[in-house]
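J.: The sequence and its predicted three-dimensional model are supplied below.
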Amino acid sequence: QVQLVESGGGLVQAGGSLSLSCAASGRTFSSYVVGWFRQAPGKEREFVAAIRRNGDVTYYADSVKGRFTISRDNAKNTVSLQMNSLKPEDTAVYYCTASGSYTATRNHPDYWGQGTQVTVSS
């Protein structure tokens, strides 16, 4: 089992940048595929990005490709999401996730953090 705690959300103007971080508990963090989801007001949660266990392969939603970068540090049990060129439509609660497989990470993550708010003003 793994527990996830996000940090780094906040308010930023359109075109700006934010970096989110997620700290994971447990000694088996490196065995999980980790990722980020987000949920905007009135909308369903949607996949944002994922990264394989050793960090060699990453995946992104089309809406964030080229603007967001996911990374992980297995020694520190952390996963980060660098968000650049932010748009008002990126406003959402962002959730860190962890799963035993990429398929689960992409569709139905096994573990979720509590979420952190990102607000992008126009």
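T.: Yep, that arrived.
J.: now for the worst-scoring helix or strand of the chain on mean pLDDT, which elements pack on it?
T.: Taking mean pLDDT, DSSP states H and E as the measure, the helix or strand of the chain with the lowest value is helix 102-107, at a mean of 88. Other helices and strands packing on helix 102-107, by 3 or more C-beta pairs under 8 Å, 6 or more residues apart in numbering; DSSP states H and E, are strand 33-39, strand 46-51, strand 92-99. All C-beta atoms are positioned from the backbone trio N, CA, C, and that covers glycine.
J.: I'd like those as JSON lines, with mean pLDDT appended.
T.: Output for these, formatted as JSON lines (pLDDT from 0 to 100):
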{"stretch": "strand 33-39", "mean pLDDT": "97"}
{"stretch": "strand 46-51", "mean pLDDT": "97"}
{"stretch": "strand 92-99", "mean pLDDT": "97"}
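J.: Can I get the ones you listed in a markdown table including distance to Pro109 and mean neighbour count?
T.: A markdown table is the format used below for these (distance: least, C-beta to C-beta, whole Å; neighbours: other C-beta atoms under 10 Å):
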| stretch | distance to Pro109 | mean neighbour count |
| --- | --- | --- |
| strand 33-39 | 7 | 24 |
| strand 46-51 | 9 | 21 |
| strand 92-99 | 4 | 23 |
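J.: sorry, back to before: quick check: next helix or strand after the least confident helix or strand of the chain?
T.: The helix or strand immediately downstream of helix 102-107 is strand 111-112, counting by DSSP states H and E.
J.: contacting residues around that next one?
T.: Contacts to strand 111-112, defined as C-beta atoms under 8 Å, 6 or more residues apart in numbering, come from residues 1-4, 32, 37, 95-99.
J.: coming back round to it: Arg106: which of the helices and strands packed on helix 102-107 is closest?
T.: Closest approach to Arg106 among the helices and strands packed on helix 102-107 (C-beta to C-beta): strand 46-51, 5.7 Å.
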